[in-house]
Each structure stands twice: as C-alpha cells, then as structure tokens.
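*Asks:* have a look at this prediction, sequence included:
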Amino acid sequence: MKKWDLSVEILLASILTVGQYFLAFFVYKLPGVFWLQIVGGIIWVLSVLFALWPIFLLRNKGKPPKGKSYVHTTKLVDSGLYAICRHPQYVAGILFNLSLMLLAQHELIFAMGIFSMTLMYKDIQKADDESLEKFGSQYKRYMAQVPRANFLLGLFRFWNKRKEQER
C-alpha cells in the first residue's frame, strides 16, 4: 500500500477554495440575497461539523498506531458520521465551497466553487480505491451500504435501518 500523498486534484481544489474565501470576504463584499446568505451560513456550520467530527471518530475508533495521525487508521470506522457518508471530510470541503458561493453570490466565486467541488469529488474516487486496497471485502460491503458523499441519502438509509431494527 502506498503512503498518503497530496493529490493534484486536492492541491488545486484547496488553492481554489482559498481564493474563493479571499474573494468572498475581502474583494466582493456585495450585498446579496439575504436568505441565500443565511442558507450559506448554515451550510458553513454544517461543513465545520463534517470536517471536525471525523477527527475524533477516527482517533477513537480507527485505532491509529500510537504517535500517528488519525488518518493512519488500522480499523474501518463505519459508525457516527461514517454511517451516513464514506468521506465526510471531502463533503466538508464541498459544503464549504457551496457556502462561499451562497454567501458571496458572485459569478467568479461560483465558477471557482464548481471547479473546486468537482476536483474534490473526483479525488473521492481515489480515496475509495485506496480504502478498498487497505480494507478489502470489508470496505466493499461498507460501500454497498453507505453512500460516497450523498449524506442526505445516507441519513435516509440510516434512519430506515434504525426504524427496522426497532421493529
């Protein structure tokens, strides 16, 4: 198995996201549609949840070797946020881009966000391949149960599964 590498897609997506952030808050501080900005703020908060919660889940349940980062898990985590989507930190990046688009409401920020989100989603496919290599058939079963990034579908499936278990 190869070591974790920063992919070209994620590097470019990160640069675009930082550019988007800079433009949204320091260049294009235009008045926009207020309710869209409120939705953008809510999505921003949601992106923070999707970014931070996995750190604690992977540290506690992923069993990384002592002294190693949470990304060096030795056990597949399929609970908490990982029961809803397979790649919550990628989802966090996508949601963050979307929030900036809604907050700033500018064409350039919108275009940068769409490109950045596309690159992030493309990189999720690589992450799935690496996880398949690392965890094998266990990950393949996990892929069949939990959506890649569609957390709304994941919430729906999770809710239905819990209702079925209660019966």
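*Replies:* In hand now; what should we look at? These figures come from a predicted structure and were not determined experimentally. Residues are numbered from 1 along each chain as shown.
*Asks:* can you tell me the element Val77 falls in?
*Replies:* Here Val77, judged by DSSP states H and E, is contained in no helix and no strand.
*Asks:* run through the residues that contact it.
*Replies:* By C-beta atoms under 8 Å, 6 or more residues apart in numbering, the contact set of Val77 is 57-58, 61-62. Yep, even glycine has a C-beta here, placed from its N, CA and C like the rest.
*Asks:* from those residues, list just the buried residues.
*Replies:* Buried subset of these (neighbour count, 16 or more other C-beta atoms under 10 Å): 57-58, 62.
*Asks:* in a markdown table: those, plus distance to Ser137 and secondary structure.
*Replies:* Formatted as a markdown table, the buried ones among the contacts of Val77 follow (distance: C-beta to C-beta, whole Å; DSSP: H, G, I helix; E, B strand; the rest coil):
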| residue | distance to Ser137 | secondary structure |
| --- | --- | --- |
| Leu57 | 22 | helix |
| Leu58 | 21 | helix |
| Gly62 | 18 | coil |
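*Asks:* correct me, but Gln105 touches Lys29?
*Replies:* No - shown here, Gln105 and Lys29 do not form a contact pair, counting by C-beta atoms under 8 Å, at 10.8 Å.
*Asks:* who's more crowded, these two?
*Replies:* Using other C-beta atoms under 10 Å, the more surrounded residue of Gln105 and Lys29 is Gln105, with 18 against 12.
*Asks:* mind pulling up the pLDDT for that one?
*Replies:* Looking at Gln105, its pLDDT is 92.
*Asks:* could the contacts of Val77 go into CSV alongside pLDDT and distance to Gln125?
*Replies:* Shown next, in CSV, are the contacts of Val77 (pLDDT from 0 to 100; distance: C-beta to C-beta, whole Å):
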residue, pLDDT, distance to Gln125
Leu57, 96, 22
Leu58, 96, 20
Lys61, 95, 24
Gly62, 94, 21
